[in-house]
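Asks: Here is the input, now give the coordinates:
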Amino acid sequence: MHRDFLEQLMETVGVNLSTIVANARTDELLEESQRLADELRARSEELQVQQEELQRSNAELEEKAALLVSQNRDIEAKNLQIEQARQELEDRAQQLSLASKYKSEFLANMSHELRTPLNSLLILAQLLAQNPTRNLTAKQVEYAGIIHSAGSDLLQLINDILDLSKVEAGKMDLNPERVALRRLLDYVEATFRPLTSQKSLTFTVSTAAGVPVDLVTDDSRLRQVLRNLLSNAVKFTERGSVELSIEPAADDELPATVHRGGPVVAFRVRDTGIGIAAQHLDAIFGAFQQADGTTNRKYGGTGLGLSISREIAYLLGGALTVASEPGEGSTFTLYLPVARADFKEQSAHAPAVRSDEDEEPTALSDASAARPALPAASPARQIRRLLVIEERPRGLLSLVAENAVVELTAGRDRADREDIELITAVGPQEAATALATQPFHCVVLEVDMAHGEALQFLDAMDGDEALRTVPVLAHNNRRLTPEQERALQTRARLRPLELLSSLDELRERIALHLSADQPGDVVPLVRGEHRPPAPQTIDTTLQGRTVLVVDDDARNLYALSGILELHGIKVLHAENGRKGIEALAAHPDIDLVLMDVMMPEMDGYTATAKIRQMPAHTGLPVIAVTAKAMPGTARRASPPAPATT
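Replies: Okay, the predicted model is just below:
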């Protein structure tokens, strides 16, 4: 019965168990379905968020794409503008190059046109100042000297303008060489000691330890810069001092434009002058600019010196700076490399360095210490000796004489020289010894020496037949008595004696006498209304020679003819190259041709070339006469053919 009960119950229990198992499985599946539904819902929400973000990104991309299209259009437009600007710049560059070419040609032609009448003026003024026929009064001679001085100033202005134009056009040539610092300082002393003495200024030149003995740079350009700086210092200083100090430059003070491949030297020019206001420190380096630019300014000048000096300093690898206070003075500093990297290749060795033990040169005591040279020496011409007689060694007159010698020999060819000896004597005793041992071209005498020694010395010279004709330039500081003045005036009518009170005029007369071939060739200046009984004998060494002057300018013909005919030279004229060749054919005895470069119909270059093709005149000396100062003119006027001068 139990078994039957269980058998009957088994089916029901199995169904219930199956139902329970199925329900449990259903519950599990329901929970799983709910979980999956929740996950699906969450995924759907995430997808919806991502879709929204994607939509936003697409919108941003569309905006960026539109912006990119707009930017591409702008870039294309700007590229077109840039191309147009580049073409305009190229056109402007070509125009600037053409303008620079025209400017150079204009300056070359204008320099010629300005210099041609100016040279004639200077030559004729000098002839008038020499007064060879003694028919001018002292006042007229003085006027001629003023004309010559003013013309020289104008010529210097033309040179400054040409220098500035060459710098701006990049046409200024540099000639680096080894420059001895001692010789440079001697030049500064000889040039500016007389100027500062005339204004009663203290002038000092000093060098610090470690300064090189020599530099590798352009000597003439360095002198030009120092000359401009020191001239300004003297010009704008009424009392006090002017100083040039040379010292090694510290690295922390060098301007950015200075070449730093080696040691640098600082040339400092200090003065106690009027000073410069801070707002004018930059303007003074501009062309034609001065601190005081008003029409009623106290100090004259064109304002070109500092502008040219700054550009030259840059070309030399250095820089020019200024520090100043109004009423306290100024300090201009020229920073200059001892040897620029691109200059070193032209020097044999590195410059030596000065130490504290280097001995400073003493006063000019021997002839070798002051022996500048004149070029184009002739073996038959003697050494030109100048004797300076003063009360103290290396006095003011010695410095003036040194300056005259430096100016006389500046810019000349160093390969071919003629010696000039400058000898100083303290008092008449030393002078007498010097005159007894060797001949002299000229004597510079301080006439207001104590105890009337100068007049006694002149008496001794007049008593010696060999010394009676030696020219004497007597400097008078206006300390003589009226009787002494009259005695000297009387003596000046009987012997070659010139009384000079101006140091500038003394310097010019020294240079003129040292340029003469023989002592006494220079006609003395007339200093009073008295006239000598007969004009001085003119050098007739060239008398009878024939010179052909080929020039289209009547003023040049007149000036050159006046000088040549004064020496007995026969002068023939031709107004252009073609007529010059015809004159050569008609006068085969012509000894020399002065050939103008710029002429109508046939210029000097073409005419000289045709003369060289004439067998009879292949060796005829031809001297090119031109006022053009642009680069290449000298080279073109002096071709390598040995027969052309």
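
Asks: can you give me phi and psi for residue 262?
Replies: With angles defined as degrees, to the nearest 10, residue 262 sits at phi -170, psi -170.

Asks: you'd agree it is up against residue 254?
Replies: No - counting by CB atoms under 8 Å, residue 262 stays clear of residue 254, with 11.9 Å between them. The way it works is simple: take the backbone N, C-alpha and C, and place the C-beta from them, glycine included.

Asks: which stretch of helix or strand covers residue 145?
Replies: Assigned by DSSP states H and E, residue 145 falls within helix 138-168.

Asks: Lowest-scoring secondary structure element of the protein by mean pLDDT?
Replies: Every helix and strand in the chain was compared by mean pLDDT, DSSP states H and E; the lowest is strand 373-375, with a mean of 34.

Asks: quick one: contacts of the following helix or strand past that strand?
Replies: The helix or strand immediately downstream of strand 373-375 is strand 384-390, counting by DSSP H and E. Applying CB atoms under 8 Å, 6 or more residues apart in numbering, the external contacts of strand 384-390 come out as 374, 396-398, 401, 405, 418-428, 430-431, 434-435, 438-446, 449, 454, 457, 510, 513-514.

Asks: what about strand 384-390, distance to the chain center?
Replies: Between the centre of strand 384-390 and the centre of its chain there are 31 Å (CA atoms, centre = their mean, to the nearest Å).

Asks: same question, stretch 488-505
Replies: Remark: stretch 488-505 is offset 36 Å from the chain centroid, using CA atoms, centre = their mean.

Asks: can you pull the buried residues of that stretch?
Replies: 488, 491-492, 495-500, 503, 505 (16 or more other CB atoms under 10 Å).

Asks: ok so, going back, buried members of the contacts of strand 384-390 into ChimeraX, please.
Replies: Of the contacts of strand 384-390, the buried ones can be selected in ChimeraX as follows, counting by 16+ other CB under 10 Å:
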select :374,396,397,398,401,405,418,420,421,422,423,424,425,426,427,428,431,434,435,440,441,442,443,444,445,446,449,454,457,510,513,514
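
Asks: Now, the contacts of strand 384-390 that are in strands?
Replies: Of the contacts of strand 384-390, the ones assigned to strands by DSSP state E are 374, 418-426, 442-446.

Asks: Name the weakest-confidence residue in these, if you would.
Replies: Model confidence across the ones in strands among the contacts of strand 384-390 bottoms out at residue 374, which has 33.

Asks: would you say residue 547 is within a strand?
Replies: Yes - applying DSSP: H, G, I helix; E, B strand; the rest coil, one finds residue 547 inside a strand.

Asks: And residue 262 and residue 254? Which one has more around it.
Replies: Per other CB atoms under 10 Å, whichever of residue 262 and residue 254 has more neighbours is residue 254, with 18 against 15.

Asks: what separates that one from residue 317, distance-wise?
Replies: Distance, residue 254 to residue 317, using CB to CB, to the nearest Å: 11 Å.

Asks: and what of residue 272?
Replies: 31 Å.

Asks: the more surrounded of those two?
Replies: Applying other CB under 10 Å to residue 272 and residue 317 shows that residue 317 carries more neighbours, namely 24 against 20.

Asks: That one: what's it in contact with?
Replies: Counting by CB under 8 Å, 6+ apart, residue 317 makes contact with 258-259, 336-337, 340, 343.

Asks: and residue 46, how many neighbours?
Replies: There are 10 residues near residue 46, going by other CB under 10 Å.

Asks: repeat for the one 3 residues further on
Replies: Using other CB under 10 Å, the number of residues around residue 49 comes to 10.
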